[in-house]
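Chemist: need a structure here:
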Amino acid sequence: MNKLIIRFALPLLLVASGITMTGCLMIERKEYLFLVREDGSGQGRIMFDNIASVQESETDQDQATKDYTQLLNEYIKGKKFEEENPSYMNVKKRLFEKDGKLHGEVTFEFLSYEDVGLFRLDGVGPWMYHTGVLNGVTVEQLDSSNGTYGGARMPVIFWKEPTSEFRIVTKVEEPEKGITRSLLPLYKRIGTN
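Modeler: Numbers count the residues shown, from 1 in each chain. Okay, the predicted model is just below:
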C-alpha cells in the first residue's frame, strides 16, 4: 500500500471518524511540496490551511481549547508527526496567522522519494503519486497539482521524468455534523509556548 496514504490519510481518517465524538481538529486544505534531488533524496513541506475545531454544539466552548491544546502538545511541541513519519529528518513545525485563519507548516528532509509516496517503476520513467482511498474511505480530495491527474478510475498524479518539484493540493470536506470553530483566537491568546 502506498506509504503516503498510510502516513497522511490514516491520521485524517482517525480525525474524520472522531467527528461523532466530542470534537476534533479539522483543516480546510493541505498543500504538499516535494523537491527531489538527482539521488532521490529531498526536502518536503506540508501546509495546513485553516486549522479549526469541530464541536457538537455552539455551547461546547471548551472543546476548541482541548483541541488547540492537543495540537500544541502532540504535534507542534510533541513528536506525534515524527512518530507517524519516522523516515522524515530535520522536521520543523510552526503555526502562523494568514488571511484571518490559523495555518500550520511542517518542513522536513527525506532520503528517498518513496518516503513521501512518490513512485517510479524500477526507479526510472515518469513519476507517480496515488491520491486514492484508504479502506474505501476518501479522506482528502485532490484540488490541484502541477502534474497530470489520471481521474477517478486511475487516482494517480503523473509527472514527466525530468520533474524535480512536485506540488499537490488537497481539500477536506467539512463534516456533516458539528460546528467548525477557528482556532485562531486561541493562537492569538495563548500562542505556542
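Chemist: Point out where this structure drops to low pLDDT.
Modeler: Residue ranges of the chain with pLDDT under 70: 1-23, 59-60, 133-139, 174-177.
Chemist: Just want the most central residue of it.
Modeler: Using C-alpha atoms, centre = their mean, the residue of the chain that lies closest to the mean C-alpha position is K30, 5.1 Å off.
Chemist: Check which helix or strand it maps to.
Modeler: strand 29-36 (DSSP states H and E).
Chemist: Let me know the distance separating the closest residue to E140 other than its chain neighbours from F48.
Modeler: Excluding its sequence neighbours, the residue lying closest to E140 (C-beta to C-beta, 6 or more residues apart in numbering) is T170, at 3.8 Å. Heads up, the C-betas are built off the backbone N, CA and C, glycines and all. The gap separating T170 from F48 is 11 Å, by C-beta to C-beta, to the nearest Å.
Chemist: between the two, what contacts are shared?
Modeler: R29, K30 (C-beta atoms under 8 Å, 6 or more residues apart in numbering).
Chemist: How about the secondary structure of T65?
Modeler: helix (DSSP: H, G, I helix; E, B strand; the rest coil).
Chemist: Wait, it touches L186, no?
Modeler: Yes. T65 is within contact range of L186, at 6.4 Å (criterion: C-beta atoms under 8 Å).
Chemist: Comparing the two, which residue is more hemmed in?
Modeler: Remark: of T65 and L186, L186 carries more neighbours, 19 against 15, as counted by other C-beta atoms under 10 Å.
Chemist: so which helix or strand takes in the more buried one?
Modeler: Assigned by DSSP H and E, L186 falls in helix 184-190.
Chemist: one step back: list the contacts for the residue nearest to the centre of the chain?
Modeler: K30 neighbours (C-beta under 8 Å, 6+ apart): F8, I46, M47, F48, D49, E140, V169, T170, K171, V172.
Chemist: Tell me the buried residues within the residues you listed.
Modeler: Listed as buried from these are F8, I46, M47, F48, D49, E140, V169, T170, V172; burial here means 16 or more other C-beta atoms under 10 Å.
Chemist: Among those residues, which lie within helices?
Modeler: Among those, DSSP state H puts none in helices.
Chemist: nearest to D99, of the residues you listed?
Modeler: Closest approach between those and D99, by C-beta to C-beta: D49, at 9.1 Å.
Chemist: For the closest one, list each beta-bridge partner.
Modeler: When bridges are called by DSSP bridges, D49 pairs up with R29.
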